[in-house]
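*Asks:* Fold the following, please.
(one chain, ligands or ions: 2)
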Amino acid sequence: MTGLQELLLSRIRDVADYPEPGVMFKDITPLLADPEAFTALTDALAGIAKDTGATKVVGLEARGFILGAPVAVRAGLGFIPVRKAGKLPGATLSQAYDLEYGSAEIEIHAEDLAAGDRVLVVDDVLATGGTAEASLQLIRRAGAAVAGVAVLMELGFLPGRARLEPALDGAPLQALLTV
Ligand SMILES: O=P(O)(O)OC[C@H]1O[C@H](OP(=O)(O)OP(=O)(O)O)[C@H](O)[C@@H]1O
Ligand SMILES: Nc1ncnc2[nH]cnc12
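*Replies:* Ligands and ions are numbered 1, 2, ... in the order given. Okay, here's the model as predicted:
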């Protein structure tokens, strides 16, 4: 394990049975409260943005906003929010997707992306992969290309990577940690 990985892992808190019994919730608030760890995380994700040749950063509500916005600023790129349905005021594209239980819907402002854009999706956790998969569909429907997906952590005991694979269409999925 690298020094960066040790630092990041040491600032993630496991909360058992949240938000429901049987779930081990990965709480990133201690990491956000530590400026050294938050800066190191931001720099690592901004490095991925540069390496993938991204022209825009998309963050997934809500924790993906906290991580993605400083990454965009650090990398010198624009930031675009993908929001839960009903929160964006302009003309939107919507994508429904299945969760482990039930379904959800996310939206993007259609005008925020254009042909020629290469988008890096940033989020904290890849679990089942449903949210990230839907975001890639939105990006392509908006006419842009996918530069990759970058997350702080991948839950290795869930099949998120396999679910996301077809939607990635060869673009990289990079997780700083696999837990
Ligand atoms: O891979 P998946 O199974 O789709 O799960 C991962 C998503 O779940 C969490 O967000 P959540 O919907 O809990 O929203 P929040 O960021 O607003 O807490 C997390 O921040 C990811 O966006
Ligand atoms: N176990 C988990 N911890 C934190 N965020 C999550 N999103 C989906 N599953 C999660």
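
*Asks:* Please make it C-alpha for all contacts and neighbour counts, starting now.
*Replies:* Noted.

*Asks:* Show me which helix runs longest in the chain.
*Replies:* Counting residues, the longest helix in the chain under DSSP state H turns out to be helix 35-51.

*Asks:* Any figure for the gap between the residue nearest in space to the middle of the chain and ligand 2?
*Replies:* Nearest to the geometric centre of the chain sits Asp123, at 2.1 Å (C-alpha atoms, centre = their mean). Going from Asp123 to ligand 2 by C-alpha to the nearest ligand atom, to the nearest Å gives 10 Å.

*Asks:* Okay, and that residue sits in which element?
*Replies:* strand 118-126 (DSSP states H and E).

*Asks:* now the farthest one out in the protein, which residue is it?
*Replies:* Distance from the centre of the chain peaks at Pro21, with 24.7 Å (C-alpha atoms, centre = their mean).

*Asks:* quick one, phi/psi of it?
*Replies:* phi -50, psi 140 (degrees, to the nearest 10).

*Asks:* next one: stretch 172-179 to chain centre, how far?
*Replies:* Stretch 172-179 sits 11 Å away from the centroid of its parent chain (C-alpha atoms, centre = their mean, to the nearest Å).

*Asks:* Next one: it, is it in contact with ligand 1?
*Replies:* No. Stretch 172-179 stays clear of ligand 1 (C-alpha under 6 Å from any ligand atom), getting no nearer than 12.4 Å.

*Asks:* Mind listing residues that contact stretch 149-156?
*Replies:* Applying C-alpha atoms under 8 Å, 6 or more residues apart in numbering, the external contacts of stretch 149-156 come out as 41, 45, 48, 120-127, 132, 160, 171-179.

*Asks:* gap between the residue farthest from the centre of the chain and Gln5?
*Replies:* According to C-alpha to C-alpha, to the nearest Å, Pro21 and Gln5 sit 28 Å apart.

*Asks:* Contact distance from ligand 1 - what residues of the protein qualify?
*Replies:* Where the chain comes near ligand 1, counting by C-alpha under 6 Å from any ligand atom, the residues are 60-63, 123-131.

*Asks:* closest to Lys26 among the residues you listed?
*Replies:* Val125 (8.2 Å; C-alpha to C-alpha).

*Asks:* List the buried residues in the helix or strand where Glu6 lies.
*Replies:* Secondary structure from DSSP H and E places Glu6 in helix 3-10. Neighbour-count burial for helix 3-10 flags 5, 7-9 (criterion: 16 or more other C-alpha atoms under 10 Å).

*Asks:* next one: it to chain centre, how far?
*Replies:* 19 Å.

*Asks:* which residues in this structure form strands?
*Replies:* Counting by DSSP state E, the segments of the chain that form strands are 13-16, 24-27, 56-60, 78-84, 92-98, 103-109, 118-126, 145-154, 173-178.

*Asks:* Pairing partners for the first one, with directions?
*Replies:* Put plainly, it is strand 13-16. Here strand 13-16 is paired, per DSSP bridges, with strand 24-27 (antiparallel).
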